[in-house]
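**Q** Build me a model:
(chains A and B)
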Amino acid sequence: MKIKLKLFAMLSERLPAGSENHTMELEVPEGATPRQVVQQLGIPPELATLTLLDGVHLTQRQREERVLHEGETLAIFPPIAGGRASRPAAQR
Amino acid sequence: MSWARKLLRVDLTRGTCTSEPLNMEWARDYLGQRGLATRYLSEEIDPRVDPLSPANELIFATGPLTGTTAGTAGRYSVITKGPLTGAIACSNSGGLFGAELKLAGWDMIIFQGRAATPVYLLLLDGKAALLPARGLWGMTVWDTERWLRKEHGDAHMKVASIGGAGEQGVLYASVINDEYRAAGRSGVGAVMGSKNLKAVAVRGTGKVPVRDAVAFRTVTAAAKKLLDESPVTSGALPTYGTNVLMNIINETGGLPTRNARDVQFEGASKISGEAMRDVVRSDGQTNLVHREPCFSCTVGCGRVSRILRTHFSVKDRPQYWGDSGGLEYESAWALGAATGVDDLEALTFCNFLCNEHGMDTISFGSTVGAAMELFEIGALSEAQVGYPLRSGDAHALVRITEETCKGIGFGKEMGLGSRRLCERYGHPELSMSVKGQEFPAYDGRGIQGMGLNYATSNRGACHVRGYAVSSEILGVPVKTDPKASEGKAALVKAFQDVTAVVDSAGLCLFCTFAWGLPDISAQLQADSEGDFSVENLTRIGERIWNLEREFNLAAGLTGKDDTLPKRILKEAARTGPAKGMVSRLDVMLPEYYQLRGWSADGIPAPALLARLGVKQLHSSAA
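**A** Numbering: from 1, shown residues only, chains lettered A, B, ... in the order given. Model prediction:
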């Protein structure tokens, strides 16, 4: 099964040479989840900060449970934002 | 005590410079910079004044932390009534100028009146003088800076000035300092031009003492460590700059494209922060040369770029072959996605021009996007423009930029901004603006909270009045669904109030990627006298927001101005995760008013103003 994989910022160095629009086609096993794809690529989980499936943000749980389908686009961003905080800014 | 405790009042009509004590009671209540200057402005001018008349004032203001060794503490703001919006205007800039003003011993400068002939203000530490600027009038920002440094024999002199845009009254003209740092928005440069004030040149050799030096060293060191540890402020921003956002906003379907006709741009990756580092040019070089930090900043998100010499925009113009300020995200979006142009070198050239001539890239790029749509629907003819002005045409973009900067050809009309331009050509609905100010690089259909923030921002559409994107897209401090309208009123209010504190402290907004209010509070407490506890800072932020609101109401704005362009409210997004969606401002705005303690018409309740200690400025009958 093939999906489209997009890697951005520091992660884009892992794309094959000549990749356009930050995109590569990737063969993944049937039933694969986004987390398994990240493991397959050898990307440390802490570097896959933002994960979008067809543009929609996936929670940590969804990354572990959502089964990918043929032709879907998985986009992974390293920490572009995000820090130590877990409380709203106004309360920090 | 980090305040110099004095301001400089410059009466341009009379040609006088007078030192006055800073109102320390107001400084405790409004912190500094944005808040404090708004307090002065609202006391000293009638909010109904014509922004370009001598009766308006122009204030350069620092915060209590500006010029100290706190991380990112190099900011200053320019506060006035804005000509683009008729609302309160406050434009914030980095670089080195703000700190230099403080090191010269001044907390604030208030310009009033209008000089009979062009002048500039020279500040050499505590000495202030107004000098004739006849020879400077007509010079670019870059030439003005060079001339002043040479004239005064000081290579370290810091300058904030206007270019041709401010002189000609382009309604979104900026004040530029340090060659490419901009107090960019709302036309503060046009107000400066209307006063015949070309530049402020300053040299400060003093120090900024703090209340408790030992405690200050400890807390600022701890805060800097947080900046160093955050993957954002020590990784993504230094490496890619703010333009690292281009791809992610595009992927999430929130990138207004071709005057917001689309929400995703097929050329986004070509103009992104990553692309600025890619070796794809024929000269084997990257667009990005190096990064450059502002005063006391360990982040260093600023970009310095160099244009490919053989590119059509500069091949016959060696004066643009050198290094200068590179594309920030908002500029790359405005000059690129908003116009449909994906030529990184052309965008860099247009960015250079906007800096050189002192023009806000956001309002300018969005106005070009609107003009392109007017042209494409036949409301604007080739005879009127002088050439085809189609989306995606890099040559047309470069030409219209040059014409606007120089005030020639159709560029004269571009200086009106998109609202007035679109009204003139019969399609006011095609201006992507709120209160007359063009919105930036986030679409209110795919990013609902940002739409509410645009609608309610006191200086017209603006991303840095309440950066809800931080939560909705980036997940900071908590991830919220960008498509949801529920909960966004509270989110936006919280962001707006905290941002008012950051802007008034003298800090850069980016510090909040690593710091919360307790971190800022600790630094302010060691820095200045006053109650800067988290609780009181929250109250100060709300006080500032409501004072700005009162100014706007007194200026004649109403709740009806808290809206979005028809396109964002009625035309559904065509692609991406938000496909089929419009902004749900109708749901979010009433809840926002309620949370603010405002009436259904958007009027702050007298009890709220009394609790905050804000004087009611608008007439009750308004």
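
**Q** Report the spatially closest residue to whichever residue of the stretch 101-250 of chain B sits closest to chain A, excluding sequence-adjacent ones.
**A** Nearest residue of the stretch 101-250 of chain B to chain A: B:Pro231, at 3.5 Å (CB to the nearest CB). Glycine gets a C-beta too; all of them are placed from N, C-alpha and C. Distances taken as CB to CB, 6 or more residues apart in numbering or on different chains put A:Pro79 closest to B:Pro231, at 3.5 Å, once the chain neighbours are dropped.

**Q** Show me what the host helix or strand of B:Ala332 is packed up against.
**A** Assigned by DSSP states H and E, B:Ala332 falls within helix B:329-332. The elements that helix B:329-332 packs onto, with contact taken as 3 or more CB pairs under 8 Å, 6 or more residues apart in numbering or on different chains; DSSP states H and E, are helix B:245-251, helix B:344-357, helix B:361-376.

**Q** who wins for proximity to B:Gly407 among those?
**A** Between B:Gly407 and the helices and strands packed on helix B:329-332, the shortest separation by CB to CB is 9.2 Å, and it involves helix B:344-357.

**Q** Which elements pack onto that closest one?
**A** Under the contact criterion of 3+ CB pairs under 8 Å, 6+ apart, helix B:344-357 touches helix B:141-151, strand B:324-325, helix B:329-332, helix B:361-376, helix B:394-406.

**Q** How about the last one, which residues are buried there?
**A** Read it as helix B:394-406. B:394, B:396-405 (16 or more other CB atoms under 10 Å in any protein chain shown).

**Q** Could you check how far B:Thr85 is from chain A?
**A** 26 Å (CB to the nearest CB, to the nearest Å).

**Q** right, and that residue touches B:Ser186 too?
**A** Yes. Under the criterion of CB atoms under 8 Å, B:Thr85 makes contact with B:Ser186 at 6.0 Å.

**Q** list the residues that contact both of these two?
**A** B:437, B:459-460 (CB atoms under 8 Å, 6 or more residues apart in numbering or on different chains).

**Q** Can you say which of those are buried?
**A** For the shared contacts of B:Thr85 and B:Ser186, buried by 16+ other CB under 10 Å: B:437, B:459-460.

**Q** Show only the entries of the residues you listed found in helices.
**A** Per DSSP state H, helices hold no members of these.

**Q** can you count the residues close to the spatially closest residue to B:Glu402 that is not a sequence neighbour?
**A** Closest residue to B:Glu402 apart from its sequence neighbours, by CB to CB, 6+ apart: B:Leu353 at 6.5 Å. B:Leu353 has 24 neighbours, counted by other CB atoms under 10 Å in any protein chain shown.

**Q** check contacts around B:Leu353.
**A** Contacts of B:Leu353 by CB under 8 Å, 6+ apart are B:359, B:401-402, B:405.

**Q** among these, which two are most distant?
**A** So, the contacts of B:Leu353 by CB to CB: farthest apart are B:Met359 and B:Glu402, at 11.4 Å.

**Q** from the buried residues of helix B:394-406, which is closest to B:Gly164?
**A** B:Cys405 (6.2 Å).

**Q** Mind pulling up the pLDDT for that closest one?
**A** At B:Cys405, the model reports a pLDDT of 96.

**Q** for chain A, what are the nearby residues on the stretch 351-500 of chain B?
**A** B:470-471, B:473-479, B:481-482, B:491, B:494-495, B:497-498 (CB under 8 Å from any CB of the partner chain).

**Q** Could you write me a ChimeraX select line covering just the buried ones among these?
**A** The buried subset of those, as determined by 16+ other CB under 10 Å, is captured in ChimeraX by this line:
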select /B:470,471,473,474,475,476,477,481,482,491,494,495,497,498
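
**Q** Narrow the residues of the stretch 351-500 of chain B next to chain A to those in helices?
**A** Short answer: these in helices (DSSP H) are B:470-471, B:491, B:494-495, B:497-498.

**Q** Any chance of JSON lines for those residues, columns pLDDT?
**A** Listed next are these as JSON lines, based on pLDDT from 0 to 100:
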{"residue": "B:Ser470", "pLDDT": "93"}
{"residue": "B:Ser471", "pLDDT": "93"}
{"residue": "B:Leu491", "pLDDT": "97"}
{"residue": "B:Ala494", "pLDDT": "97"}
{"residue": "B:Phe495", "pLDDT": "97"}
{"residue": "B:Asp497", "pLDDT": "98"}
{"residue": "B:Val498", "pLDDT": "97"}
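
**Q** Noted, bye for now.
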